[in-house]
Structure formats: structure tokens, C-alpha cells
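K.L.:
Give me a 3D structure for the following:
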Amino acid sequence: MADLIAQDCHEGLSHNGRFNFPIAMNTAANPTVATSPRPWAADTHLPTALLLNIGHAFDHMFLLIFATAVATIAADFGLARWESLMPYSVGAFFLFGIGSLPSGRLGDLWGRRVMMIIFFIGIGTAALLASMANGPWQLAAGLMGIGLFASIYHPVGIPMLVQNAARPGWTIGVNGLAGNLGIAAAALVTGLLVKYVGWRAAFAVPGAIAIACGIAFALLVPKEMEAPAKRKSKRLDLPPGVLARVFLVMTATAITSSLLFNFTTNGNGQLLQERMRGIIEDPATLGALLAVVYAAASLTQLVVGKLIDRYPLRRLYLSVVILQAPLFAVAALADGWAAYAVVLGFMILIFGAIPFTDAIIVRFVDDQMRSRVSGVRLAISFGVSSLAVWLLGPIVKAAGFNMLLLLMAGIAVCTTLLVLLLPSHDPRQAG
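P.N.:
Numbering: from 1, shown residues only. Purely as a prediction, here's the structure:
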């Protein structure tokens, strides 16, 4: 395994790539334009596609194990309130964001296959270390390791998956579904393991499985013929102002969307526990109900992914985000099963918005640079949105979930205004 990683790294390090932003022809609308000559496409090579989608599921699942088990862990560590333990996870989400920058660069320069092997083995090892923690700071260190290795997936795994995809929107949608099923698994699997085995098993069992997947990736996924940065790019001549606006919108909406994603996925478990008190008290049952929400909402990405291949991005994007703010406002007033229904509604819209940023990158950015562009975007958006994890506990402790939900409604309004800045011209019609 070590020899394999060293060989791939040596091949990638022989190239000194420059940090620029070449613009891609849309391969979905122009099938004769290939990003590079390659013997396989990740979306058609079944073991590669399967392991990359499993990787996306693990990426989100591992980051949310702590949020699902936080009440049990806090009690085990002798803390009176779960909110007091939440800030210890902020380092994980900060590294998840800022680590995307070097991860994306290394993905283009070293090669994406070797980085994915590091992802699986690294995140699994970090989870095993987290399971051995005996206090908040030891747990924080393990969570930071999870966040650091988790930062590899989005700038490396998704570009690897779509690099020669015939239907990139659909491929992104399926991958998004896999990622959100990982969120559902965090709620369900963690709830069951915490109840029947203990919170340490909630980290240790997935960690061992991730390491096994890393070994499978090394054995089953074909080697890359060359690192992405070495390939010849295909450029599309678009006005610099349009490109700057697209990158601004892509990054800013990623920030607002990530804030909503982190607030909801890290807080939904405690929100439902509060709003369904007296109806359902069992944490495993609440975890199962939350898993149903995430699994059902994840299906939205398949629909959105299919539509992205057929219709202009701005119109589709607006139709999803414009409904978010009203639902957050309604959620602030809902209790019981009505609250559960509203949570399902706003999670459908949050998950439905996820594929658009990756779709913008696929349409505008050449494969030669996708990992680096994704890394820059993710470092900014996830780095800023990690504040949501840090603020979640203090906001709820000081003002309750109603204030948090109204804050999210305001963030959703910002997302809607930003999407209006996207060019109405569809890049598929260019060239």
C-alpha cells in the first residue's frame, strides 16, 4: 500500500501546476469534446463509481457521528448540557473547509486515485482514535483528524467521478444521494450503536469499514495514466466579467448553503427531541425518524440532477432556494408531528440545492483544474460555514431554536438574491 501511494505521488509531483482558471466546454452538450484521453470513466467503471459514492456517504456520515451522539458523550464526560460540548467540534469543520485547498491542489498534481486512498484510510484511522477519547480535548483532536481527511473528498472524489461523465447532472445527483444517505446513516446507525453498544462503537465500527474500503480502492480502481494537471485543457472564450460573477455566485451561495446545511444537520436531532418531547423520547426512534427525513430528502437530488442536464441552471436553482425561507419561518412555530413534517420540507430544499454548485463547476471549469477550483471554493465556503457548528450550541442555549430557525430564514433569503446574479445565458449554448 505504501509503495503504491509513493509511486503515484512521485508521478504527480513531477508537474508544477499554475493556479489559474481554464474554462471548459460542456461535454454533456458537446460529446465530441473530451477533457482528456482516458481508458475509463469513473461513472461507468462500476467499482470506481461504487467506491466513490460510498466515499461521499462516509464523508458526511463521519462528520455527523458526533452531533448525533453528543448528548450521550456529554453525559459520559460529566457535562451537564450537550450545548457545552458542541464547540469542541468546530475544529473538525474548520479543517474540513480549509483542508479542501491543499487537498484540491494535491488531487490535480498527484492524481485523484492516490488521494482517495489516503481519504479512506485516514478518515477511518481518525475515527478509531476518536473512539478512544477520554475527555473533550482528546475527542476534539480525533474530530479534527476526521475533518482534515474528510476535506479530501469533495475537491477530489466528485471531479474524479464526473471527469468523463456523459450525463454530469445525473452523476452529480446520484453522488449527492449517496452523500445524503450517509447523513441518514449517521442518524440511524449512530443511534443504534449508541443505544446498544455505546458511543465509542459509533466511531470505531465505521472507522474499520472505511479502512477496508481504502484497501479495496487501491486494489480495484485503475491507475490514472497522468495527473489531471498534466492534461491539455479545452477553453471556452467567455467575458472575464461573466466568469468573475459566476465564481462569486458559486462561492457565496456555497457559503450560505453550507451554513444552512451545518445548522440543520448538526441541530436537527436536538430540534426534534425538543419539539417531539412527550410524543417520542427514545433516542434510537428519533434517530430512525431523522434518518427517514434524510433518506427521503436525498431522493430530491436525483430529480434535480436529471433536470440539470436539460434546463438552465439559474431557473432551476431559483425554484429550489426561493421556498427555503418560508419553511424555516413556519418551522419556528411548529411542534409535534407538524414540526417533523416541516423539517422534512426544508431538508428536501436544502438537499435539492446541493448539486448546483458542482454542476456550475462541471459546466464552466476544465477537468485539468476542477480539483483546485473546487478546493478554493470549498476552503472559503466550508471554512466560513464552520462557524455554524461553533454558534449552534450558544445560540440555542441563549435564545432557543426559534431564533436559530429565523436566522436560517434570513440566510435563505441571501441565497435567493445571490442566485439571481447568475447569468441567464446557459453555457451549454456557447461554442
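
K.L.:
where in the protein is pLDDT low?
P.N.:
The chain contains residues with pLDDT under 70 at 1-44, 165, 226-242, 364-370, 383, 386, 389, 424-431.

K.L.:
which helix of it spans the most residues?
P.N.:
Longest helix in the chain by number of residues, with DSSP state H as the criterion: helix 370-419.

K.L.:
Name all residues that make contact with the nearest residue to residue 326 once chain neighbours are set aside.
P.N.:
Closest residue in space to residue 326, ignoring its immediate chain neighbours: residue 409 at 7.7 Å, by CB to CB, 6 or more residues apart in numbering. Using the backbone N, CA and C atoms, a C-beta is placed for each residue, glycine as well. Residue 409 sits next to 324-326, 328-329, 332 when contact means CB atoms under 8 Å, 6 or more residues apart in numbering.

K.L.:
and if you look at residue 121?
P.N.:
Per CB under 8 Å, 6+ apart, neighbours of residue 121: 1, 210-211, 214-215.

K.L.:
in the stretch 151-300 of the chain, which spans are strands?
P.N.:
Ranges of strands within the stretch 151-300 of the chain: none, based on DSSP state E, counting those that start in this stretch.

K.L.:
thinking again about what came up before, show me just the buried residues among the contacts of residue 409.
P.N.:
324-325, 328-329, 332 (16 or more other CB atoms under 10 Å).

K.L.:
Which members of these are positioned in strands?
P.N.:
Among the buried ones among the contacts of residue 409, no member falls in strands (DSSP state E).

K.L.:
Please convert those residues to JSON lines, extending it with distance to residue 157.
P.N.:
Formatted as JSON lines, the buried ones among the contacts of residue 409 follow (distance: CB to CB, whole Å):
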{"residue": "324", "distance to residue 157": "27"}
{"residue": "325", "distance to residue 157": "31"}
{"residue": "328", "distance to residue 157": "30"}
{"residue": "329", "distance to residue 157": "35"}
{"residue": "332", "distance to residue 157": "36"}
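
K.L.:
Make CSV from the contacts of residue 121 and add neighbour count to it.
P.N.:
Putting these into CSV (neighbours: other CB atoms under 10 Å) gives the following:
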residue, neighbour count
1, 11
210, 27
211, 18
214, 23
215, 13
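
K.L.:
Give me the subset of those lying in helices.
P.N.:
Reading helices off the contacts of residue 121 with DSSP H, I get 210-211, 214-215.

K.L.:
Roughly how far does the residue nearest to residue 326 sit from residue 374?
P.N.:
With distances taken as CB to CB, to the nearest Å, residue 409 is found 29 Å from residue 374.

K.L.:
Next: residue 261.
P.N.:
Taken as CB to CB, the span from residue 261 to residue 374 is 16 Å.

K.L.:
can you check residue 171 too?
P.N.:
Counting by CB to CB - residue 171 and residue 374 are separated by 15 Å.

K.L.:
Could you do residue 329 as well?
P.N.:
Applying CB to CB to residue 329 and residue 374 gives a distance of 33 Å.

K.L.:
next one: residue 294
P.N.:
24 Å.

K.L.:
the more surrounded of the two?
P.N.:
Comparing residue 294 with residue 374 by neighbour count (other CB atoms under 10 Å), the higher total belongs to residue 374, at 28 against 24.
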